[in-house]
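Trainee: Pasted the sequence and its predicted model underneath.
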Amino acid sequence: MLDASWFTEQVPDAGSAFSLKIKQKLHTEQSPFQYLEIYETESFGNLMVIDGCTMVSTRDNFFYHEMMSHPVLFIHPDPKRVWIIGGGDCGTLREVLKHPSVEHAVQIDIDERVTRLAEIYFPELCESNNDPRAELKFIDGIKWVKDAQPNSVDIIIVDSTDPIGPAEGLFSEQFYRDCFNCLTPNGMVVQQSESALFHLKLIGEMRGAMSRAGLSHLQTLFFPQCLYPSGWWSATIASKAPLASFREQECADKAFSTVYYNSDIHKAALAQPEFFKQAMTAESV
């Protein structure tokens, strides 16, 4: 029996679970799209849970937000227009807007309640919401991309929940085709791609769908994220054009602060474990 003083996310398929000791439940509600909970934990600060899955905590959110944004922004030769599909906690938006080259960043999340709760319980993640370059839209991100004009955007960051419920369509080949159609010639998509330890098949299917959609230049990067299943997470970058080396000197000389990401971490994150290389080779055969 689970102890009520702990929040536990179980992953039955992996025979695994992750728990955090909680002080109190701060908020709970059923939005039109998903079930939202906010906890105060003993050692991870505040915790947001969506449909029973851990999403973000005060203590360790920087791993995910920094690795979803800075690597792709330092690989793209001149990122000016960025869309964030999902990302309702606004942490990725904050990181994107640290880059002075970005002229316009649009966050498109279907569930406004995620952002409103983040403003209350994670205000540090929302500190750039009023930046004049930022635009918040609470609409269907899949439809937004489908209806977009060609050459509309340089980078699309898909900061989604797991591929179930409202996020399921964000992992489809049709969605990646729509991304391809609205990206500029050097355009890139980066999407959270789950755990290589627990979700290897999903990553292979996702990369295959990206490639078939024309986003055939791929890099998967890895980073720690102790809140998420296995504690080891990934993001996959998919590009129309061959991926250039990242702007290493600019990264080393960046004028903004980060907690985890730097040029050495960028290079290290692209190193692929042997089992991953073998699995992706087999998937492409």
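Mentor: Cool, got the structure.
Trainee: partners of Val158 in the sheet?
Mentor: Beta-bridge partners for Val158, by DSSP bridges, are Ile85, Gln191.
Trainee: number of nearby residues for it?
Mentor: 26 (other Cβ atoms under 10 Å). In this view, the C-beta of every residue, glycine as well, is placed from N, C-alpha and C.
Trainee: do Pro229 as well
Mentor: 23.
Trainee: So it sits against Glu9, correct?
Mentor: Yes: applying Cβ atoms under 8 Å as the test, Pro229 and Glu9 come out as touching, 7.4 Å apart.
Trainee: shared neighbours of those two, which are they?
Mentor: Residues touching both Pro229 and Glu9 (Cβ atoms under 8 Å, 6 or more residues apart in numbering): Phe18.
Trainee: Span of stretch 187-204 from start to end?
Mentor: In stretch 187-204, first residue to last residue: 21 Å (Cα to Cα, to the nearest Å).
Trainee: which parts of it are buried?
Mentor: 187-200, 202-204 (16 or more other Cβ atoms under 10 Å).
Trainee: Tell me the confidence at Gly165?
Mentor: pLDDT, Gly165: 61.
Trainee: which residues of the stretch 51-200 of the chain fall in helices?
Mentor: Ranges of helices in the stretch 51-200 of the chain, per DSSP state H, counting those that start in this stretch, are 61-75, 91-96, 112-121, 141-147, 173-182, 200-212.
Trainee: how about TSV for the ones you listed, with distance to Lys240 and mean pLDDT added?
Mentor: Shown next, in TSV, are the helices of the stretch 51-200 of the chain (distance: least, Cβ to Cβ, whole Å; pLDDT from 0 to 100):
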stretch	distance to Lys240	mean pLDDT
helix 61-75	13	98
helix 91-96	20	98
helix 112-121	30	98
helix 141-147	15	96
helix 173-182	7	96
helix 200-212	11	94
